[in-house]
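# Next comes the sequence, and after it the predicted model I'd like to discuss.
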Amino acid sequence: MSFMLEEIEQQPAALERTIEREAKKIMRFGLKLQDHRPRLIVLVARGSSDNAALFGRYLLEMTTSIPVSLAAPAIHTLYKSKLDFRDTLVIGISQSGEGEDINLVLENSRRCGALTLSITNDAQSTMARITEETFLIHAGRERSVAATKTYTGQLLIFHLLARALSKSRELNGIESLPELAAQALKLRSQVEELVERYAFMNNCVVVGRGLNYANAYEFAIKLMETCYIVAERFSGADFLHGPIAMIDRGFPVFIFAPPGPTFKGMTSLLSKLNQLGAETIVISSQATAIRSAARALKVPRHINEILSPIPYIIPAQLFAALLAEAKGLTPDHPRTLSKVTKTV
């Protein structure tokens, strides 16, 4: 078994540890900010961590009403700009905590008046040392280059932070996420049957929207780095503004379709894709979406959309890891990549 598959299987335990060790700390952080709430939150990350940041943007804006921006690191590292970060919370997200450009952004943001926070899997990392507060992902060492348990750990930290800053009742179910992840792992046999069909796939599209838009990016990057597939990713809305023109008969389109506000639009897109003859593969718990798709991975339970991203990405992770093996590739060591990528 690859390290990637082992680490996918470790996610329920990693999520459980993170809740046990970080939830109270994050709640205390939220209480400290009650009297001086930030007027803006800025998230800075690269790679899979940047996909987690995309989820964080949606979740934090929805639950806290604080505007959230995704940083452009080059503004700090190449153009040497000084921004007005008074009353701003700047959050760095990195599995290793050693992304050079991310850490430079955090240092510059702090000089510009920001309160800085890091989300990382390494308490001894540079990122953890340079920020005023650190929230840890208790995932243990991740040996596969392809991030899995650290990505879901980052999503979990954003769930906990959103609850601490908003006290949203919709987030009261966070403690169920390890069990939901465990249930999602039961889809492995379905995934194993499905991947053989796509062993020669070279191109595809991944579509999500809202809270699962980040998962479209994350699934696509996993297909690119482990299976060497050209995988484009879009929101369900943006896809209709031009990219749908490339869809022809048999073209594979993967769709995240959880129940919730985005479901109607995703099923409408699914219907349109079916009319075009696309090979539609849906990840959903909803019978209407599953019946409409050419292929489906049925999530075991109806899950509130706000909690869906972690259990919904797990079958996608399994698909990428198992498809890599079906293609005769090693998902742990993608060509040209290393675990820590340093850019400025």
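Perfect, I can see it now.
# Backbone dihedrals for the nearest residue to Asn172 once chain neighbours are set aside, both of them.
Nearest-residue entry for Asn172: Arg163, 7.8 Å, with adjacent residues in sequence omitted and distances by Cβ to Cβ, 6 or more residues apart in numbering. Where C-beta positions appear, they are placed from N, C-alpha and C, glycine not excepted. Dihedral angles of Arg163 (phi, psi; degrees, to the nearest 10) stand at phi -60, psi -40.
# Arg163 touches Leu171, doesn't it?
Yes. The pair Arg163 / Leu171 is scored as a contact, 4.1 Å apart, by Cβ atoms under 8 Å.
# neighbour count winner among those two?
Each of Arg163 and Leu171 has its neighbours counted (other Cβ atoms under 10 Å); Arg163 has more, 22 against 19.
# Do you know the pLDDT at the residue most central in space within the chain?
The centre of the chain sits closest to Ala52, judged by Cα atoms, centre = their mean, with a distance of 3.8 Å. Per-residue pLDDT puts Ala52 at 98.
# Flag every buried residue along the helix or strand where it lies.
Element membership for Ala52 (DSSP states H and E) is helix 47-64. For helix 47-64, a neighbour-count test (16 or more other Cβ atoms under 10 Å) marks 47-60, 62-64 as buried.
# cool, stretch 21-29 as well?
Buried-residue list, stretch 21-29, by 16+ other Cβ under 10 Å: Glu22, Ala23, Ile26, Met27, Phe29.
# possible to save those as JSON lines with distance to Ala320 and secondary structure?
What follows is those, written out as JSON lines (distance: Cβ to Cβ, whole Å; DSSP: H, G, I helix; E, B strand; the rest coil):
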{"residue": "Glu22", "distance to Ala320": "27", "secondary structure": "helix"}
{"residue": "Ala23", "distance to Ala320": "30", "secondary structure": "helix"}
{"residue": "Ile26", "distance to Ala320": "30", "secondary structure": "helix"}
{"residue": "Met27", "distance to Ala320": "34", "secondary structure": "helix"}
{"residue": "Phe29", "distance to Ala320": "34", "secondary structure": "helix"}
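# Most widely separated two among these?
Distance extremes for these: the farthest pair is Ala23 and Phe29 at 10.8 Å, using Cβ to Cβ.
# Walking through this structure, point out its helices one by one.
Residue ranges of the helices in the chain, as given by DSSP state H, are 3-9, 11-32, 47-64, 73-77, 100-111, 126-130, 149-166, 177-185, 188-195, 213-227, 236-239, 263-275, 287-292, 309-326.
# Go through these and find the least confident stretch.
When I compare these, helix 236-239 is least confident, with a mean of 90.
# Distance check, the closest residue to Glu179 other than its chain neighbours against Phe256.
Sequence neighbours aside, Pro12 is the residue nearest to Glu179 in space, at 7.2 Å (criterion: Cβ to Cβ, 6+ apart). Distance, Pro12 to Phe256, using Cβ to Cβ, to the nearest Å: 20 Å.
# Could you check which of those two is surrounded by more residues?
Shown here are Pro12 and Phe256; by other Cβ under 10 Å, Phe256 has more neighbours (29 against 21).
# Now do the contacts for that one.
Val206, Val207, Gly208, Arg209, Asn212, Asn215, Ala216, Phe219, Met266, Ile283, Ser284, Tyr312 (Cβ atoms under 8 Å, 6 or more residues apart in numbering).
# And the pLDDT for the fourth one?
Arg209 is assigned a pLDDT of 97 by the prediction.
# Could you double-check that it sits in contact with Ser235?
Yes. If you go by Cβ under 8 Å, Arg209 and Ser235 touch, sitting 5.1 Å apart.
# Neighbour count for those two, which is higher?
More crowded of Arg209 and Ser235, by other Cβ under 10 Å: Arg209, with 25 against 18.
# contacting residues around the more buried one?
With Cβ under 8 Å, 6+ apart, Arg209 has these contacts: Ser235, Gly236, Ala237, Phe256, Thr262, Gly265, Met266.
# Pick the one among the residues you listed closest to Phe3.
Phe256 (25.4 Å).
# what bridges to that closest one?
Using DSSP bridges, the bridge partners assigned to Phe256 are Ile283.
# Let me see the confidence value for it.
98.
# and what of Pro243?
pLDDT at Pro243 comes out at 87.
# Please shift the residue numbers so they start at 33 in all later answers.
Happy to do that; since the first residue is 33 now, the last one works out to Pro275.
# and it, how far is that from Ser128?
Taken as Cβ to Cβ, the span from Pro275 to Ser128 is 33 Å.
# which one of these two has more residues nearby?
Legend: neighbour count by other Cβ under 10 Å for Pro275 and Ser128, higher for Ser128 (20 against 13).
# Surely that one touches Ala155?
No. At 11.8 Å, Ser128 does not count as touching Ala155 under the criterion of Cβ under 8 Å.
# picking that back up, generate JSON lines for the helices of the chain, with distance to Pro70 as supplementary columns.
Listed next are those as JSON lines, based on distance: least, Cβ to Cβ, whole Å:
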{"stretch": "helix 35-41", "distance to Pro70": "33"}
{"stretch": "helix 43-64", "distance to Pro70": "11"}
{"stretch": "helix 79-96", "distance to Pro70": "9"}
{"stretch": "helix 105-109", "distance to Pro70": "18"}
{"stretch": "helix 132-143", "distance to Pro70": "12"}
{"stretch": "helix 158-162", "distance to Pro70": "19"}
{"stretch": "helix 181-198", "distance to Pro70": "9"}
{"stretch": "helix 209-217", "distance to Pro70": "26"}
{"stretch": "helix 220-227", "distance to Pro70": "41"}
{"stretch": "helix 245-259", "distance to Pro70": "22"}
{"stretch": "helix 268-271", "distance to Pro70": "28"}
{"stretch": "helix 295-307", "distance to Pro70": "31"}
{"stretch": "helix 319-324", "distance to Pro70": "38"}
{"stretch": "helix 341-358", "distance to Pro70": "23"}
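# Alright, I will stop here.
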